[in-house]
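In: below is the sequence, then the predicted model.
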There are 4 protein chains.
Amino acid sequence: MRVKDEVKQKALFEATIKVVNQIGFAASSISKIAGEAGISPATIYIYHENKEELLVSTYVEIKRGLGEALLRDFDESRPIRDTFKQVWTNGFAYVAKNRAAFDFAEQFANSPYSELVNTAEVDKYFEPLMLTFQRGVQQKIIKDISFDLMSAFLFYPLMYLSNRRHCSGFELTDENIDLAFDMAWDAIKL
Amino acid sequence: MRVKDEVKQKALFEATIKVVNQIGFAASSISKIAGEAGISPATIYIYHENKEELLVSTYVEIKRGLGEALLRDFDESRPIRDTFKQVWTNGFAYVAKNRAAFDFAEQFANSPYSELVNTAEVDKYFEPLMLTFQRGVQQKIIKDISFDLMSAFLFYPLMYLSNRRHCSGFELTDENIDLAFDMAWDAIKL
Amino acid sequence: MRVKDEVKQKALFEATIKVVNQIGFAASSISKIAGEAGISPATIYIYHENKEELLVSTYVEIKRGLGEALLRDFDESRPIRDTFKQVWTNGFAYVAKNRAAFDFAEQFANSPYSELVNTAEVDKYFEPLMLTFQRGVQQKIIKDISFDLMSAFLFYPLMYLSNRRHCSGFELTDENIDLAFDMAWDAIKL
Amino acid sequence: MRVKDEVKQKALFEATIKVVNQIGFAASSISKIAGEAGISPATIYIYHENKEELLVSTYVEIKRGLGEALLRDFDESRPIRDTFKQVWTNGFAYVAKNRAAFDFAEQFANSPYSELVNTAEVDKYFEPLMLTFQRGVQQKIIKDISFDLMSAFLFYPLMYLSNRRHCSGFELTDENIDLAFDMAWDAIKL
DNA sequence: GATGAATGAGTGTTCATTCAT
DNA sequence: CATGAATGAACACTCATTCAT
């Protein structure tokens, strides 16, 4: 893979997301993605080793963007609850702005492709959150639980509530988002 | 005339689940499922209209079993917290016993196939839970929230914690399960 | 093949004709014909050895009916031109009443299945015409030509003009039919 | 990028004709045609949208060739009878040289595929004949009949007499061809 | 006599990928 | 760098036919 045209690279990511969201993982094909991106199927193989690598790197790219978004205005000096609330709000804002990318990631994460992801790389994008969580535990503000357990009541509900497939009834108003955060905080706070 | 074989019917469901779990939704094919079930691909079309219907009915069958499992020893006369705790425990017990079915359902629910499910039929299996939830709200034991919002902090964390793809770090010991339930209850209780 | 239910036998012929006309030879299948006839595919094999034999015998049955129709009111004692004119009129009347059967025969006759027909048996149904033709030649009323050559200008134009696929512009009014016969007769008369 | 191969294109047409003639429309398949042409079934889809389009375009190509052949040495300045005689002779010459193509066209024209043909395009190839016919009617050399009616006694008998399936008894000698033309002319001349 | 279950072989078509240009 | 041509392998699905009931 020779990196040359960054515009094309980006168009390719977007086409991949669009096609997968429109017709699903199973029906998505290299030629359809190429068609959507306005390039030849053969050209994809200049930018990506194979189909698998295209999908995985698209996912990682999304995760990178999500990590960036969640950490916007991140300020460790503020109280831990405020920090998490900011992340929570950022999360819903990201979904509102990047619905397609989010939907793709949800589908991807539940497919066997997800096993091919370099988890260390992805985790890196969320490291500050991990550290803040640990600080919260040490300061006895958060329950003495594992990161997974906290995620189950913080990040995962966020995803559930944002997922239109699962949760069409939840309106993403500021009020509702605040209400939901209170619930999440009740779950994890000591 | 030979009689339609219920054993074969069941073997087909199990083969479908197994294949999808092993190689994923996208790579699963009728012929692979048939091979796993030890029958001819053509035979599948005697039992199911097409691939879609095979997958959907497999999912609905799993959901039926899950509903049944969650409602085991269901007793509305007990305190609402106890009722939910029972459901919670039943849920983890179901996953422990039916890991494959659970994994299939997780993948299915995040695929576009999920749009083909008759949601009314599936919801029916979980109706008593809905009613208990509503009773909890009326009795001011549970926060005044929608069913979706409660699910985000009760059923969905259960699934997350049970999902080995997402959450390999959480050990499903009784202790951990109890701890997690406390968190869920903290989130939804008034 | 055990002949048992003549009603079913007839329904089978009609279903065969209908299906072939609706979807064409290539797409016609035993199961579709069985469906149209309201019986099981397996039952067809009680009445017919295989698909081929079903189609061929349907064709022969049609030809029998056509022969019968053409020879209605056949009277060798009348002038030869009148005899042929009667046959000509009968032919168009047959098509008007048995459009489906006619269309089937046209499709069949141009397929390789036609090679499987016992031509001697079919020719038998049209023998009186052959004899009248020969009489016409002997009496020097008709040109000294082969039966094939006469057919090319008598029976075949009849079929062409009746074939909606080829000839949608020709209206089958009595006047047009008379006019066309005059042309046919001009061609073959001495 | 490899260049689309015109030789392959032609081989494909010929293979299509050959297979259809050998085993019939109903039994002809893409893979058999590909096998005959010495290419992969998938390659056919580079040259043709689908099976239907392959068959239809093969037919149109044949019709184009037939039109060209019929109009060889076409000279409107000669007497109308001579013009038609020339066309008639050309027709039999075409069949003699292109038996396979002719047989394919006969089968095709009697199949439901024929409905997919752009008739305007095909008619164009035969337009000069149409005009000559109209001139003949105006000059009161030919009966005042429709083009269809004339075809029934000119082109169609030509096809019948050339069709080995229908007409094995007619020998295509010059003498017989002349004799048959006299009959056709008797039918249509005023 | 009648039929639904069963299947191996086949259908038209699309796939991910390679390669010559 | 980019691509259209090419393909073996696979796809979902239907076929004609058999057979136990």
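Out: Done, it's in. Residues are numbered from 1 along each chain as shown, chains lettered A, B, ... in the order given.

In: hey, let's count contacts and neighbours off CA atoms from now on
Out: OK.

In: tell me how far stretch A:17-24 lies from the chain's centre.
Out: From the chain centre to the centre of stretch A:17-24 is a distance of 16 Å (CA atoms, centre = their mean, to the nearest Å).

In: I'd like the average pLDDT over that stretch.
Out: The predicted model assigns stretch A:17-24 a mean pLDDT of 92.

In: now stretch A:63-77
Out: With pLDDT averaged residue by residue, stretch A:63-77 scores 94.

In: who's in contact with it?
Out: Applying CA atoms under 8 Å, 6 or more residues apart in numbering or on different chains, the external contacts of stretch A:63-77 come out as A:Thr83, A:Gln86, A:Val87, A:Trp88, A:Asn90, A:Gly91, A:Tyr94, A:Ala105, A:Val122, A:Tyr125, A:Phe126, A:Thr132.

In: output that stretch as PDB, nothing but the C-alphas.
Out: Provided in PDB are the C-alpha atoms of stretch A:63-77 (Å, rounded to 0.1, in the frame of the first residue of the first chain):
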ATOM      1  CA  LYS A  63     -12.500   4.700  17.000                       C
ATOM      2  CA  ARG A  64      -9.700   7.200  16.800                       C
ATOM      3  CA  GLY A  65     -12.200   9.900  15.900                       C
ATOM      4  CA  LEU A  66     -14.500   8.800  18.700                       C
ATOM      5  CA  GLY A  67     -11.700   8.900  21.300                       C
ATOM      6  CA  GLU A  68     -10.700  12.400  20.100                       C
ATOM      7  CA  ALA A  69     -14.300  13.500  20.300                       C
ATOM      8  CA  LEU A  70     -14.900  12.100  23.800                       C
ATOM      9  CA  LEU A  71     -11.800  13.800  25.100                       C
ATOM     10  CA  ARG A  72     -12.700  17.200  23.800                       C
ATOM     11  CA  ASP A  73     -12.300  19.900  26.500                       C
ATOM     12  CA  PHE A  74     -10.900  17.100  28.800                       C
ATOM     13  CA  ASP A  75      -9.800  18.700  32.000                       C
ATOM     14  CA  GLU A  76      -8.400  16.500  34.700                       C
ATOM     15  CA  SER A  77      -8.300  19.200  37.200                       C
END
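
In: any low-confidence regions in chain A?
Out: Segments of chain A classed as low confidence (criterion: pLDDT under 70) are A:1-4.

In: chain B contacts on chain A?
Out: Proximity of chain A to chain B, by CA under 8 Å from any CA of the partner chain, involves residues A:23-27, A:106-107, A:110-112, A:115, A:146, A:148-149, A:152-153, A:156-158, A:160-161, A:165-167, A:169-170, A:180, A:182-188.

In: list the buried residues in stretch A:119-137.
Out: The neighbour-count criterion (16 or more other CA atoms under 10 Å in any protein chain shown) identifies A:Val122, A:Tyr125, A:Phe126, A:Leu129, A:Phe133, A:Gln134, A:Gly136, A:Val137 as the buried residues of stretch A:119-137.

In: which residues touch the residue of chain A at minimum distance from chain B?
Out: The minimum distance from chain A to chain B, using CA to the nearest CA, falls at A:Ala26 (3.8 Å). With contact set as CA under 8 Å, 6+ apart, A:Ala26 has these partners: B:Phe25, B:Ala26, B:Ala27.

In: follow-up on the earlier one: just the buried ones from the residues of chain A next to chain B, in ChimeraX syntax?
Out: To isolate the buried subset of these in ChimeraX, counting by 16+ other CA under 10 Å, use the following:
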select /A:24,25,106,107,110,111,112,148,149,152,153,156,157,158,160,161,166,167,170,180,183,184,185,186,187,188
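
In: domains in chain A, by residue range?
Out: Chain A breaks down by automatic domain parsing into domains covering A:1-48, A:59-188.

In: DNA strand E: which of these is closest?
Out: Among the domains of chain A, the nearest to DNA strand E by CA to the nearest atom of the strand is domain A:1-48 (3.2 Å).

In: quick one: that closest one to chain centroid distance?
Out: That offset, for domain A:1-48, works out to 20 Å (CA atoms, centre = their mean).

In: for the helix or strand hosting A:Ala120, packing partners?
Out: Using DSSP states H and E, A:Ala120 sits within helix A:119-125. On a contact count with 3 or more CA pairs under 8 Å, 6 or more residues apart in numbering or on different chains; DSSP states H and E, helix A:119-125 meets helix A:51-70.

In: right, is the helix it packs on up against DNA strand E?
Out: Yes: residues of helix A:51-70 contacting DNA strand E under CA under 7 Å from any atom of the strand: A:Lys51, A:Glu52.

In: quick check: next helix or strand after that helix?
Out: That would be, after helix A:51-70 and using DSSP H and E, helix A:80-97.

In: which single residue of chain A ends up nearest chain D?
Out: With CA to the nearest CA as the measure, A:Ala42 is the residue of chain A nearest to chain D, at 10.2 Å.

In: which residues of chain A lie near chain C?
Out: Close to chain C, as judged by CA under 8 Å from any CA, chain A has no residues.

In: residue in chain A nearest to chain C?
Out: Closest point on chain A to chain C, by CA to the nearest CA, is A:Ala27, at 27.3 Å.

In: which residue packs closest to that residue, ignoring adjacent ones?
Out: Spatial nearest neighbour of A:Ala27, excluding adjacent residues (CA to CA, 6 or more residues apart in numbering or on different chains): B:Ala26 at 7.4 Å.

In: chain D contacts on chain A?
Out: Residues of chain A found near chain D (CA under 8 Å from any CA): none.
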